[in-house]
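In: got a predicted structure plus its sequence, pasted below:
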Amino acid sequence: MRIGTMVHYYKDVDLKKRFKAVLELGMESCQLACWDPEILSDLEYAKKAKEAAEETGIVISHFWCGYGGNIVWNFYEGQKTLGLVPPFTRVDRVRDLLNGSEFAKILGVKYIITHVGYIPENPYDPSYRPTIEAVKIIAERCKKNGQSFLFETGQETPVTLRRAIQDVGYDNLGINLDGANLVLYGKANPVDALDVFGEYVKGIHVKDGFYPTNGTELGREVKVGEGKVNYPELIKKLVKTYGYDGDLTIEREIQEGSEEQHKDIVDTRDYLKNIISLL
């Protein structure tokens, strides 16, 4: 089981330098993330990323594909701006994600991840079916490219996420489990959530946090081991019950490149090594 971290792809980023920094931390893999539609639509950027990975020897385990348009990360504006649920941005975002599938094909990466958004709990909600149809388009392209499309946990309850996977109906769907997101959005205890969708987990973000304390803002993210996610139990259950043997990708969403972020990633790496040693 490899330990890795997130690497974000911007136009002016030196990916080779970023990849080397991950390797210098004693980690073997990363999830490459990109939110820039211009990068996603230009396969030359994909070729550069592939070259940087091959030259450094890092493994890009997953491609985290973002999309264009304004996004607000809270419980109110987030409903209107995030993922494939809002109708006014859906067509453009489907295009961005289709481009992301082609981008990942160049990289040779099997898994594509994104936030689909606040998928309605009520399957009769007018926005539910169009969202499912949008995911079908993306899943079909991913299947054609030999890829799996993964829902990042967060905005939806576990049962809503399982229902969406079943209603899309493709066999190349899965979940990137961000345990902290289930907590930050107040949706579930991550360990218990595995009882609902554990067999679909194909990737993990190792992040931590607390439940929301009001009805507007997400909960507070903290260093892994200091929040509500019980990672020793979560990882044990994933491995022992569901046979998970994929990557553990550390994500610390504070100032990128800061001393605090670096320290927390290193501490989390050691924390995970200890958990793995006890399995």
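Out: Good, I have the coordinates.

In: for the spatially most central residue of the chain, give me phi and psi.
Out: Among the residues of the chain, residue 152 comes closest to the average C-alpha position under Cα atoms, centre = their mean, at 4.5 Å. In terms of degrees, to the nearest 10, the main-chain angles of residue 152 are phi -80, psi 130.

In: all the strands of the stretch 51-200 of the chain, in order from the start?
Out: Using DSSP state E, counting those that start in this stretch, the strands of the stretch 51-200 of the chain run over 59-65, 111-114, 148-152, 173-178.

In: and the longest one, which strands flank it?
Out: The partner list of strand 59-65 in its sheet, established with DSSP bridges, is strand 29-34 (parallel), strand 111-114 (parallel).

In: what does the third one give?
Out: Here the strand partners of strand 148-152, with direction, are listed using DSSP bridges: strand 111-114 (parallel), strand 173-178 (parallel).

In: export stretch 186-202 as CSV, just CAs?
Out: In CSV, the C-alpha atoms belonging to stretch 186-202 read as follows (Å, rounded to 0.1, in the frame of the first residue of the first chain):
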residue,chain,number,x,y,z
GLY,A,186,-21.9,16.6,8.3
LYS,A,187,-22.9,13.6,6.2
ALA,A,188,-21.6,10.5,8.0
ASN,A,189,-19.1,8.8,10.2
PRO,A,190,-16.6,7.6,7.7
VAL,A,191,-16.1,4.2,9.3
ASP,A,192,-19.8,3.5,9.3
ALA,A,193,-20.2,4.9,5.8
LEU,A,194,-18.2,1.9,4.6
ASP,A,195,-21.1,-0.3,5.5
VAL,A,196,-23.0,1.5,2.7
PHE,A,197,-20.4,1.9,-0.1
GLY,A,198,-17.2,0.2,1.0
GLU,A,199,-17.0,-2.0,-2.0
TYR,A,200,-16.8,1.0,-4.3
VAL,A,201,-13.8,2.7,-2.7
LYS,A,202,-11.0,2.9,-5.3
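
In: now it, how far from the chain's geometric center?
Out: Using Cα atoms, centre = their mean, to the nearest Å, the mean C-alpha position of stretch 186-202 is found 14 Å from that of the whole chain.

In: so which bits of that stretch are buried?
Out: Counting neighbours by 16 or more other Cβ atoms under 10 Å, one finds that the buried residues in stretch 186-202 are 187-191, 193-194, 196-198, 200-202. For every residue, glycine as well, the C-beta is placed using N, CA and C.

In: pLDDT (mean, whole number) over that stretch?
Out: Computed over stretch 186-202, the mean pLDDT rounds to 98.

In: tell me the average confidence for stretch 264-279?
Out: Within the predicted structure, the mean pLDDT of stretch 264-279 is 97.

In: show me what counts as buried in it.
Out: Using 16+ other Cβ under 10 Å as the burial criterion, the residues of stretch 264-279 that qualify are 264-265, 268-269, 271-272, 275.

In: so can I have a markdown table of those showing secondary structure?
Out: Formatted as a markdown table, these follow (DSSP: H, G, I helix; E, B strand; the rest coil):
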| residue | secondary structure |
| --- | --- |
| 264 | helix |
| 265 | helix |
| 268 | helix |
| 269 | helix |
| 271 | helix |
| 272 | helix |
| 275 | helix |
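
In: identify the residue nearest residue 235 in space, chain neighbours excluded?
Out: Spatial nearest neighbour of residue 235, chain neighbours left out: residue 275 (5.4 Å); criterion: Cβ to Cβ, 6 or more residues apart in numbering.

In: test my guess that the one you found contacts residue 232.
Out: Yes: in terms of Cβ atoms under 8 Å, residue 275 counts as a neighbour of residue 232; the distance is 5.3 Å.

In: turn the strands paired with strand 59-65 into JSON lines, including distance to residue 217 and mean neighbour count.
Out: Putting the strands paired with strand 59-65 into JSON lines (distance: least, Cβ to Cβ, whole Å; neighbours: other Cβ atoms under 10 Å) gives the following:
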{"stretch": "strand 29-34", "distance to residue 217": "23", "mean neighbour count": "24"}
{"stretch": "strand 111-114", "distance to residue 217": "22", "mean neighbour count": "25"}
